[in-house]
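Q: the following block contains a protein sequence and its predicted model.
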Amino acid sequence: MQAKPTLEDTLSLMRDLRQRCEWDAAQTHESLRPYLIEEAYEVDDAIRAGDDRLLREELGDLLLQVLFHSVVAEERGAFDFHDVAETFLTKMRGRHPHLYGEGARQPWERMKARKRPSIVDGLPVDLPSLHRAFRLQDRAAGVGFDWPNVEGPMAKVAEELTEVREEISSHPGVEARSTAPNYDEHHQRLEDELGDLLFAVVNLCRKAGVHPALALDRANLKFARRFRQVEQLAAERGIQVGSATLEELDRIWDEVKEGEE
């Protein structure tokens with residue numbers, strides 16, 4: 001039986017490509033940045049689809065990025081793939097002192113907090129806003145700034161929603177949907193209040209053990225699926241979605257929901 005390829009085999013291939021492929025040889029850390037982000041999203045899509053064949057393929061593409069950057073760094077004399085592996089092993093053992101040492105089990109964020117001046121340090125500036133909010137709150141919880149249960153976050157959501165209502169009611173002429181919003185002081189205050197509300201909802205998700213990005217992703221998929229059915233039913237009944245009344249569309253929406261339940 002033929003032996004399965006190893007990480008050393010993939011590393012050797014990457015080095016060979018850097019020597020013999022014109023495109024691969026021309027790449028730098030900077031030029032590879034967009035591909036790393038794209039490949040991560042493609043892995044995420046494969047997981048969402050529940051497609052193991054696709055997940056296997058996309059994980060290989062993501063591994064390519066790790067190998068690529070490692071070999072580029074090796075050529076610069078900065079570090080090599082084995083240094084990356086060593087750093088990984090050291091970090092994982094350090095995160096589990098109860099398994100690989102004499103230490104007691106500790107929350108990871110609490111251990112990390114001892115090594116960073118601020119909870120903000122080390123968070124990538126380009127993290128999606130929803131995930132960044134989650135990580136900021138998670139880090140704050142790691143240093144003790146957290147409610148003991150979900151009751152606190154739920155009360156905070158209610159408080160922030162009240163403040164949003166007050167800001168909107170203070171300007172009764174504001175339309176529910178505007179193609180050209182007026183960026184005045186009221187708009188800025190409303191943006192602040194809605195931002196606080198979103199931040200509070202993220203914290204409620206975190207405290208309830210749900211990642212807000214995954215929850216919102218499920219909601220997006222659910223809405224898209226239901227509205228596609230609304231469009232199909234409307235077309236079958238000779239109703240133009242773009243010119244139908246809200247009441248007409250709402251009735252079809254309720255019908256779709258009842259059909260799912």
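A: Nice, I can see it.
Q: how does the protein divide into domains?
A: What automatic domain parsing lists as the domains of the chain is 7-105, 148-200, 215-260.
Q: so for Val125, which of those domains sits nearest?
A: Evaluated over the domains of the chain, closeness to Val125 peaks at domain 7-105, with 13.4 Å, by CB to CB. Using the backbone N, CA and C atoms, a C-beta is placed for each residue, glycine as well.
Q: how far out from the middle of the chain is the closest one?
A: 19 Å (CA atoms, centre = their mean, to the nearest Å).
Q: span of that domain from start to end?
A: Length of domain 7-105, first residue to last, CA to CA, to the nearest Å: 31 Å.
Q: what about that domain, average pLDDT?
A: For domain 7-105, mean pLDDT rounds to 94.
Q: over to stretch 144-153?
A: For stretch 144-153, mean pLDDT is 95.
Q: got the contact list for it?
A: With contacts defined as CB atoms under 8 Å, 6 or more residues apart in numbering, stretch 144-153 is touched by 137, 140, 200, 203-204, 206-208.
Q: tell me which residues of that stretch come out buried.
A: 146, 153 (16 or more other CB atoms under 10 Å).
Q: re the thing from before, to His131, which of the domains of the chain lies closest?
A: Across the domains of the chain, His131 has its closest neighbour in domain 215-260 (10.5 Å, CB to CB).
Q: can I get stretch 12-31 in PDB, CA atoms only?
A: C-alpha atoms of stretch 12-31 as PDB (Å, rounded to 0.1, in the frame of the first residue of the first chain):
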ATOM      1  CA  SER A  12       9.000  20.000  -0.700                       C
ATOM      2  CA  LEU A  13       6.500  20.600  -3.400                       C
ATOM      3  CA  MET A  14       6.100  24.200  -2.300                       C
ATOM      4  CA  ARG A  15       9.800  24.800  -2.400                       C
ATOM      5  CA  ASP A  16       9.900  23.300  -5.900                       C
ATOM      6  CA  LEU A  17       7.200  25.500  -7.100                       C
ATOM      7  CA  ARG A  18       9.000  28.500  -5.900                       C
ATOM      8  CA  GLN A  19      12.000  27.500  -7.900                       C
ATOM      9  CA  ARG A  20      10.300  26.400 -11.200                       C
ATOM     10  CA  CYS A  21       6.900  28.200 -11.500                       C
ATOM     11  CA  GLU A  22       7.100  31.800 -12.600                       C
ATOM     12  CA  TRP A  23       3.900  32.800 -10.900                       C
ATOM     13  CA  ASP A  24       4.700  31.100  -7.600                       C
ATOM     14  CA  ALA A  25       8.200  32.600  -7.600                       C
ATOM     15  CA  ALA A  26       6.900  36.100  -8.000                       C
ATOM     16  CA  GLN A  27       4.700  36.000  -4.900                       C
ATOM     17  CA  THR A  28       5.400  37.900  -1.700                       C
ATOM     18  CA  HIS A  29       3.700  38.000   1.700                       C
ATOM     19  CA  GLU A  30       1.900  41.100   0.600                       C
ATOM     20  CA  SER A  31       0.700  39.800  -2.700                       C
END
